[in-house]
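Next come a sequence and a model predicted from it.
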2 protein chains.
Amino acid sequence: MALKYSRQRQVIKEFLMTRKDHPTADVVYMNVRQDYPNISLGTVYRNLSLLADLGEIQRLRVGDGVDHFDADTSAHYHCVCTHCGKVVDLKMDNIDHITDIANKGFDGEIQGHTTYFHGVCGDCHRKTLS
Amino acid sequence: MALKYSRQRQVIKEFLMTRKDHPTADVVYMNVRQDYPNISLGTVYRNLSLLADLGEIQRLRVGDGVDHFDADTSAHYHCVCTHCGKVVDLKMDNIDHITDIANKGFDGEIQGHTTYFHGVCGDCHRKTLS
DNA sequence: TTAAAAATAGTAATCATTACTATTTTGAGG
DNA sequence: CCTCAAAATAGTAATGATTACTATTTTTAA
């Protein structure tokens, strides 16, 4: 059960750190395979899950039915583009107060929230204007 | 392409309206089958999707990998219980202002948000206290 | 150096959901 | 009230993301 080093895990994490978008397991697999042609898709899934459990990466569920992964584990929000489907980072003030709003009058105990925004990303917005 | 009446669709919607929780397609299927033993699972999926597209019901994606459905189409939020997995309604003030917060300094255009809360539901909370 | 634990590659299985097809139901126009 | 094309259904097959399984390889503590 003790964690042992794995070259594959390191490569997967390093790849994820180079990406500003939020690739799916399949995209990670396609890319990592360029350098490690016989890495297995199962290995990619297993390590992405493991890294997410360790808190070294973040698993994003933005409602498109596919898990996305993000090497940036800091608290930040995402926007899913309604045009191109891309998932982009948002730089915005924190909105943790909505947890307090939700807790008011609730007979259980709210611990946190998951929020993603939808709208038109910068790239698509510029294209729409022209 | 014109919509035609279907007894199955009506029964599916009626069943959903009796439920305060937010059943999955499979749960709808199991229940509706009590009265309509040879309804097809595909019919349940097709009609739930159709009703959601028509805006007559709401499709909920709360990150557990399964779609939940809600006959209450009014804007409201949900809490996913970290103990029992149940999805419960929240009565809370609206938080649409977070869309404005997200839009500040964003080079695209935020149109809306999807938020669900996680925490301990009322039932589990009471059990934990005892 | 060694051997048990952990990880891997490759493949099979799972699970939610969608697609396909032959048959049945619905409903507008005669 | 018929008719018949459009729509919907039941039943089944296919899909796609993810997880499980297994024999083999890698890691690492002693």
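Received it, and whenever you're ready, just let me know what you need.

How about A:Lys13, nearest residue that isn't a chain neighbour?
Spatial nearest neighbour of A:Lys13, chain neighbours left out: A:Leu51 (6.0 Å); criterion: Cβ to Cβ, 6 or more residues apart in numbering or on different chains. C-betas here are computed from N, CA, C, even on glycine.

er, A:Tyr36 actually
Distance criterion Cβ to Cβ, 6+ apart; nearest residue to A:Tyr36, sequence neighbours excluded, is A:Val11 at 6.2 Å.

and the one you found, how many neighbours?
Neighbours of A:Val11 under the rule other Cβ atoms under 10 Å in any protein chain shown: 18.

Kindly report the same for the one 4 residues further on.
Residues lying near A:Phe15 (other Cβ under 10 Å) number 18.

How about A:His68?
Using other Cβ under 10 Å, A:His68 has 19 other residues around it.

That one is in contact with A:Ile57, isn't it?
No. If you go by Cβ atoms under 8 Å, A:His68 and A:Ile57 don't touch, sitting 10.5 Å apart.

just so I have it, where are all the helices in chain A?
Remark: helices assigned in chain A by DSSP state H are A:7-17, A:25-35, A:41-54, A:97-103, A:122-129.

Looking at those, spot the one closest to B:Val27.
helix A:97-103 (25.2 Å; Cβ to Cβ).

quick one: contacts for A:Lys104?
B:92-93 (Cβ atoms under 8 Å, 6 or more residues apart in numbering or on different chains).

Quick one, grab the pLDDT at it.
As predicted, A:Lys104 sits at a pLDDT of 95.

gap between the residue nearest to A:Tyr36 and B:Arg9?
Going from A:Val11 to B:Arg9 by Cβ to Cβ, to the nearest Å gives 50 Å.

for A:Asp89, same thing?
When A:Asp89 is compared with B:Arg9 (using Cβ to Cβ), they lie 41 Å apart.

quick one: stretch A:70-83 near DNA strand D?
No. Shown here: stretch A:70-83 not in contact with DNA strand D (Cβ under 7 Å from any atom of the strand), separated by at least 13.6 Å.

Tell me the pLDDT of A:Tyr116.
Per-residue confidence (pLDDT) for A:Tyr116: 95.

Tell me which residues touch the closest residue to A:Ile98 other than its chain neighbours, please.
Among residues not flanking A:Ile98 along the chain, B:Ile95 sits closest, at 4.9 Å (Cβ to Cβ, 6+ apart). Contacts for B:Ile95 (Cβ under 8 Å, 6+ apart) come out as A:95, A:98, A:101, B:77, B:115.
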